[in-house]
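1. build me a model:
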Amino acid sequence: MIRRPTLRDLFVGTSGSAAVEMAIWISVIVVPLLSVMDIGLYGYRKMQVEIAAQQATEAVRRACGFAAAPVTDTNQCAASTLANAISAGRTGTSLGTNVTLVSGYPKEGYFCVHPTTGVLTLVGSDGTTGTPPTGAADCHTVTTGSIAPPVDYIRVKVTYTYTPMFSNLSVGALLTTPITSEAWLRLG
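-> Presented below is the predicted three-dimensional model:
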(Lines give C-alpha, C1' and ligand atoms only; values in the text may rest on other atoms or scores of the structure.)
Protein backbone atom coordinates (compact mmCIF):
# COMPACT_ATOMS: atom_id res chain seq x y z
CA MET A 1 0.00 0.00 0.00
CA ILE A 2 1.30 3.48 -0.92
CA ARG A 3 1.59 5.85 1.96
CA ARG A 4 0.01 9.26 1.39
CA PRO A 5 2.30 12.20 2.42
CA THR A 6 1.14 14.43 5.24
CA LEU A 7 1.80 18.12 5.90
CA ARG A 8 4.36 17.07 8.49
CA ASP A 9 6.23 15.15 5.78
CA LEU A 10 6.75 18.39 3.82
CA PHE A 11 8.58 19.97 6.74
CA VAL A 12 10.35 16.94 8.13
CA GLY A 13 11.05 15.28 4.81
CA THR A 14 10.36 11.58 4.71
CA SER A 15 11.07 11.31 1.04
CA GLY A 16 13.66 12.77 -1.32
CA SER A 17 11.07 14.77 -3.22
CA ALA A 18 9.75 16.53 -0.11
CA ALA A 19 12.23 19.39 -0.43
CA VAL A 20 11.35 19.85 -4.10
CA GLU A 21 7.64 19.84 -3.32
CA MET A 22 8.15 22.35 -0.55
CA ALA A 23 10.20 24.64 -2.83
CA ILE A 24 7.47 24.53 -5.46
CA TRP A 25 4.76 25.38 -2.95
CA ILE A 26 6.80 28.21 -1.48
CA SER A 27 7.38 29.75 -4.92
CA VAL A 28 3.70 29.37 -5.80
CA ILE A 29 2.61 31.09 -2.58
CA VAL A 30 5.42 33.45 -1.56
CA VAL A 31 6.33 35.14 -4.87
CA PRO A 32 2.76 36.35 -5.58
CA LEU A 33 2.37 37.44 -1.97
CA LEU A 34 5.57 39.51 -2.07
CA SER A 35 4.52 40.95 -5.44
CA VAL A 36 1.19 42.05 -3.99
CA MET A 37 3.02 43.75 -1.12
CA ASP A 38 5.39 45.59 -3.50
CA ILE A 39 2.58 46.65 -5.83
CA GLY A 40 0.50 47.87 -2.89
CA LEU A 41 3.37 49.88 -1.49
CA TYR A 42 4.08 51.31 -4.95
CA GLY A 43 0.45 52.40 -5.31
CA TYR A 44 0.53 54.07 -1.90
CA ARG A 45 3.78 55.88 -2.68
CA LYS A 46 2.43 57.00 -6.06
CA MET A 47 -0.59 58.56 -4.34
CA GLN A 48 1.71 60.28 -1.85
CA VAL A 49 3.75 61.79 -4.71
CA GLU A 50 0.55 63.04 -6.40
CA ILE A 51 -0.60 64.57 -3.11
CA ALA A 52 2.82 66.21 -2.63
CA ALA A 53 2.56 67.90 -6.05
CA GLN A 54 -0.97 69.12 -5.31
CA GLN A 55 0.05 70.39 -1.88
CA ALA A 56 2.94 72.32 -3.43
CA THR A 57 0.64 74.21 -5.83
CA GLU A 58 -1.84 74.90 -3.03
CA ALA A 59 0.98 76.20 -0.84
CA VAL A 60 1.90 78.65 -3.62
CA ARG A 61 -1.69 79.89 -3.70
CA ARG A 62 -1.73 80.35 0.08
CA ALA A 63 1.69 82.06 0.20
CA CYS A 64 1.40 84.26 -2.88
CA GLY A 65 -2.34 84.55 -3.48
CA PHE A 66 -4.25 84.79 -6.71
CA ALA A 67 -3.75 88.53 -6.95
CA ALA A 68 0.02 88.06 -7.18
CA ALA A 69 -0.13 86.51 -10.66
CA PRO A 70 2.27 85.94 -12.23
CA VAL A 71 3.81 84.39 -9.13
CA THR A 72 7.14 83.68 -10.85
CA ASP A 73 7.59 87.46 -11.12
CA THR A 74 9.68 88.23 -8.02
CA ASN A 75 8.02 91.66 -7.81
CA GLN A 76 4.68 89.88 -7.25
CA CYS A 77 5.82 86.97 -5.04
CA ALA A 78 9.32 86.87 -3.59
CA ALA A 79 11.47 84.01 -4.89
CA SER A 80 12.12 82.81 -1.34
CA THR A 81 8.37 82.86 -0.55
CA LEU A 82 7.66 80.82 -3.66
CA ALA A 83 10.49 78.33 -2.97
CA ASN A 84 9.54 77.92 0.70
CA ALA A 85 5.88 77.36 -0.17
CA ILE A 86 6.71 74.67 -2.72
CA SER A 87 9.17 73.01 -0.34
CA ALA A 88 6.64 72.93 2.50
CA GLY A 89 3.96 71.52 0.20
CA ARG A 90 6.04 68.82 -1.45
CA THR A 91 7.49 67.55 1.82
CA GLY A 92 4.12 67.44 3.59
CA THR A 93 3.45 63.73 3.05
CA SER A 94 4.87 60.67 4.78
CA LEU A 95 7.61 60.59 2.12
CA GLY A 96 8.98 63.91 3.43
CA THR A 97 12.15 65.22 1.82
CA ASN A 98 12.41 62.13 -0.41
CA VAL A 99 9.99 63.92 -2.74
CA THR A 100 12.05 66.42 -4.74
CA LEU A 101 11.19 69.20 -7.14
CA VAL A 102 12.01 68.42 -10.78
CA SER A 103 14.59 70.77 -12.29
CA GLY A 104 13.03 73.67 -14.21
CA TYR A 105 9.90 73.79 -12.04
CA PRO A 106 7.75 75.56 -11.02
CA LYS A 107 6.55 76.65 -14.42
CA GLU A 108 3.95 79.27 -15.04
CA GLY A 109 2.25 80.18 -18.27
CA TYR A 110 -0.79 81.61 -19.97
CA PHE A 111 -3.11 79.07 -21.55
CA CYS A 112 -6.19 79.11 -23.72
CA VAL A 113 -8.74 76.32 -23.95
CA HIS A 114 -9.52 74.96 -27.41
CA PRO A 115 -13.32 75.09 -27.71
CA THR A 116 -13.68 71.73 -29.47
CA THR A 117 -11.04 69.52 -27.86
CA GLY A 118 -10.83 71.18 -24.44
CA VAL A 119 -7.03 71.02 -24.64
CA LEU A 120 -5.05 73.77 -22.92
CA THR A 121 -2.62 75.48 -25.28
CA LEU A 122 0.27 77.62 -24.08
CA VAL A 123 0.20 81.08 -25.64
CA GLY A 124 3.52 82.82 -25.14
CA SER A 125 6.34 81.31 -23.14
CA ASP A 126 6.67 79.48 -19.84
CA GLY A 127 8.04 81.35 -16.89
CA THR A 128 10.11 80.07 -13.99
CA THR A 129 11.15 81.72 -10.73
CA GLY A 130 12.56 85.16 -11.53
CA THR A 131 11.48 84.96 -15.17
CA PRO A 132 7.75 85.54 -15.48
CA PRO A 133 5.83 84.07 -18.40
CA THR A 134 4.90 86.03 -21.47
CA GLY A 135 1.48 85.68 -22.96
CA ALA A 136 -0.74 86.89 -25.75
CA ALA A 137 -3.41 89.50 -25.06
CA ASP A 138 -6.15 87.12 -26.15
CA CYS A 139 -6.82 83.58 -27.34
CA HIS A 140 -7.22 84.32 -31.06
CA THR A 141 -4.29 82.03 -31.93
CA VAL A 142 -6.18 79.07 -30.43
CA THR A 143 -9.72 80.07 -31.39
CA THR A 144 -10.11 82.25 -34.46
CA GLY A 145 -11.70 85.57 -33.53
CA SER A 146 -11.56 84.96 -29.77
CA ILE A 147 -11.03 87.99 -27.58
CA ALA A 148 -11.00 85.94 -24.36
CA PRO A 149 -7.88 86.53 -22.28
CA PRO A 150 -5.56 83.59 -21.60
CA VAL A 151 -5.60 82.11 -18.10
CA ASP A 152 -2.54 81.92 -15.85
CA TYR A 153 -1.56 78.46 -14.53
CA ILE A 154 1.30 77.38 -12.29
CA ARG A 155 2.66 73.83 -12.57
CA VAL A 156 4.76 71.96 -10.05
CA LYS A 157 6.40 68.64 -10.92
CA VAL A 158 7.87 66.41 -8.23
CA THR A 159 9.66 63.08 -8.22
CA TYR A 160 10.33 60.21 -5.83
CA THR A 161 12.65 57.24 -6.34
CA TYR A 162 10.77 54.07 -5.46
CA THR A 163 12.71 51.06 -4.18
CA PRO A 164 10.78 47.77 -3.95
CA MET A 165 10.96 45.86 -0.67
CA PHE A 166 11.44 42.53 -2.44
CA SER A 167 12.96 43.47 -5.80
CA ASN A 168 14.58 40.09 -6.39
CA LEU A 169 11.57 38.05 -5.27
CA SER A 170 8.66 39.97 -6.79
CA VAL A 171 7.52 41.97 -9.78
CA GLY A 172 8.57 45.11 -7.88
CA ALA A 173 11.63 45.55 -10.09
CA LEU A 174 9.32 45.98 -13.09
CA LEU A 175 7.52 49.00 -11.62
CA THR A 176 8.32 52.43 -13.07
CA THR A 177 10.72 54.49 -11.01
CA PRO A 178 11.16 57.31 -10.34
CA ILE A 179 7.54 58.19 -9.70
CA THR A 180 6.72 61.69 -10.97
CA SER A 181 3.63 63.81 -10.72
CA GLU A 182 2.75 67.23 -12.07
CA ALA A 183 0.00 69.34 -10.53
CA TRP A 184 -1.59 72.41 -12.11
CA LEU A 185 -3.29 75.30 -10.38
CA ARG A 186 -5.26 78.01 -12.11
CA LEU A 187 -4.15 81.39 -10.81
CA GLY A 188 -6.23 83.73 -12.91
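
2. show me the contacts for the nearest residue to Val151 once chain neighbours are set aside.
-> Spatial nearest neighbour of Val151, chain neighbours left out: Gly188 (5.1 Å); criterion: Cβ to Cβ, 6 or more residues apart in numbering. C-beta: built from backbone N, CA, C; applies to glycine. Gly188 sits next to Phe66, Ala69, Pro149, Val151, Asp152 when contact means Cβ atoms under 8 Å, 6 or more residues apart in numbering.

3. pull out the buried members of those.
-> By neighbour count, with 16 or more other Cβ atoms under 10 Å, the contacts of Gly188 hold Ala69, Val151, Asp152 as buried.

4. will you turn those residues into JSON lines that also has secondary structure?
-> Formatted as JSON lines, the buried ones among the contacts of Gly188 follow (DSSP: H, G, I helix; E, B strand; the rest coil):
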{"residue": "Ala69", "secondary structure": "coil"}
{"residue": "Val151", "secondary structure": "strand"}
{"residue": "Asp152", "secondary structure": "strand"}
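
5. among the residues you listed, which one has the lowest pLDDT?
-> Within the set of those, pLDDT is lowest for Ala69 (74).

6. is it possible to get a markdown table of the contacts of Gly188 that adds distance to Pro106?
-> Shown next, in a markdown table, are these (distance: Cβ to Cβ, whole Å):
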| residue | distance to Pro106 |
| --- | --- |
| Phe66 | 15 |
| Ala69 | 13 |
| Pro149 | 21 |
| Val151 | 16 |
| Asp152 | 12 |
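
7. and which of those is nearest Val28?
-> Comparing the contacts of Gly188 against Val28 with Cβ to Cβ places Val151 closest, at 55.2 Å.

8. so where is this structure shaky, pLDDT-wise?
-> For the chain, the stretches flagged by pLDDT under 70 are 1, 5-16, 18-19, 66-68.

9. which strands and helices sit next to the top helix by length along it?
-> Looking across the chain with DSSP state H, the single longest helix is helix 18-64. Packing contacts for helix 18-64, counted by 3 or more Cβ pairs under 8 Å, 6 or more residues apart in numbering; DSSP states H and E, involve helix 7-12, helix 79-90, strand 151-160, strand 179-186.

10. so Ile2 belongs to a helix, correct?
-> No. Using three-state DSSP, the assignment for Ile2 is coil, not a helix.
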